[in-house]
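Enquirer: just the structure for this:
(one chain, ligands or ions: 1)
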Amino acid sequence: MFNPDTINRFQSVDTPFYYYDMGVLRQTLEACHNASAKYGFHVHYAMKANFNPKVLEMIQSFGFGADCVSGGEVKAAIEHGFSKTKVVFAGVGKSDREINLGLDADIFCFNVESVQELHIINDLAKAKNKTAGIAIRINPNVDAHTHHFITTGLDENKFGINTWQLNDVVEALRSCPNLQFLGIHFHIGSQITDMEVYKSLCIRVNEIQTWFEDHGLQVKVLNTGGGLGVDYYNPDTNTISDFESYFKVFKDFLNVKPGQEVHFELGRALVAQSASLISRVLYVKNGQKKNFLVLDAGMTELMRPMLYQAYHEIENLSRKSESESATHYDVVGPICESTDCFRKDVELPESFRGDLIAVRTAGAYGEVMASGYNLRDRAPSVYSEV
Ligand SMILES: *Cc1c(COP(=O)(O)O)cnc(C)c1O
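Expert: Take a look at the predicted model:
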């Protein structure tokens, strides 16, 4: 990702900034596109992972749809060229204003997360004399075996409708003439690398699909959500997620009927490896027990380590080639919070004020979670040529 020319170019840029390797992004999108097209699967990009305009434009150019979780994302998807026939809208708390925005835009589908929401969408659609396409987001009670902060498919999570409420769903659908039932939707969590988890999901989806058909509802769309993980430990040697294995699990275990469409909503796996957060060392504090590298980037630029105890590789780009004397540092940001630490006890070559530091695999849930806390300037984005 960083050849000497790139690092040279960084010397004249103010830090911190996000660096996008557009070549990595393109290769990742190609790999996903080829692996999914083989089976005729449809991929919707989960916009919340990264809504940088250049990133969106490249993703859209591959013909992917957009998975949105707010009215703002629905608007941005359409503005950046995603076809409205490929926009889906999920979220436990869609406001009336956001639902109306989706109805006005004639999006493909609302992924509905409660029985009450079905009635609200029906009422709002009726007022506009429209029919809303809907899928039922179901909580399959499949454990994603990932960090509990990013698990979403268990009965105890706030997302989706639990299976014991499905009779109420069928009843509501019968009484809502302005809804068109399209299918069933699932999303069980994020950063999932164990393919067995997806196999379990397929088995649940098959059972639930049968239940709907037994109750007289034809399921046109099976949407199994996203969650495919990336390798945060080896961004250079394992850059692209194993899309082949991922889609093959669904090909092998999902019971797809003739004419049915299978939809996916990938976020992280498409964008995570394409960006790094680049910052400079402001101060080196050598303590009795610990050494600190104080960077000019912190939780206001990249919050994942502080929010989910997430791991990111950290590199000193200024000392890469030297025969280094390894030192251990707690790599911290400048924000007035003790939690503002990228990682403790990081082994790095001895580092000095002004060194360029890269925090890797920052393309997903990075820039989008930036905040203005401490009244900091927003970090800009820098792009590779490709
Ligand atoms: C966040 C989200 C996704 C994408 O998750 P990733 O782990 O980034 O692939 C997909 N679907 C829904 C409904 C989401 O909320």
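Enquirer: how about Val294, phi and psi?
Expert: Backbone geometry at Val294, expressed as degrees, to the nearest 10, gives phi -100, psi 110.
Enquirer: quick one: contacts for it?
Expert: Contacts for Val294 (CB atoms under 8 Å, 6 or more residues apart in numbering) come out as 281-285, 332-334. Bear in mind the C-beta positions are built from the backbone N, C-alpha and C, glycine included.
Enquirer: repeat that for Glu301.
Expert: 16, 18, 277, 279, 333, 366-367, 370, 379.
Enquirer: mind redoing it with 7 Å?
Expert: 16, 277, 370, 379 (CB atoms under 7 Å, 6 or more residues apart in numbering).
Enquirer: just give the number of residues close to the last one.
Expert: Same thing as Ala379. 22 (other CB atoms under 10 Å).
Enquirer: so it sits right up against Asp14, yeah?
Expert: No. Ala379 is beyond contact range of Asp14, at 9.3 Å (criterion: CB atoms under 7 Å).
Enquirer: re the thing from before, now the contacts of Val294: which count as buried?
Expert: Taking 16 or more other CB atoms under 10 Å as the criterion, what is buried in the contacts of Val294 is 281, 284, 332-334.
Enquirer: just the helices in the stretch 51-200 of the chain please.
Expert: 53-61, 71-79, 96-104, 115-127, 166-174, 195-214 (DSSP state H, counting those that start in this stretch).
Enquirer: would you turn those into JSON lines with mean neighbour count, distance to the ligand and mean pLDDT?
Expert: JSON lines is the format used below for the helices of the stretch 51-200 of the chain (neighbours: other CB atoms under 10 Å; distance: least, CB to the nearest ligand atom, whole Å; pLDDT from 0 to 100):
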{"stretch": "helix 53-61", "mean neighbour count": "17", "distance to the ligand": "13", "mean pLDDT": "97"}
{"stretch": "helix 71-79", "mean neighbour count": "19", "distance to the ligand": "10", "mean pLDDT": "98"}
{"stretch": "helix 96-104", "mean neighbour count": "17", "distance to the ligand": "14", "mean pLDDT": "98"}
{"stretch": "helix 115-127", "mean neighbour count": "17", "distance to the ligand": "14", "mean pLDDT": "98"}
{"stretch": "helix 166-174", "mean neighbour count": "16", "distance to the ligand": "18", "mean pLDDT": "96"}
{"stretch": "helix 195-214", "mean neighbour count": "17", "distance to the ligand": "12", "mean pLDDT": "96"}
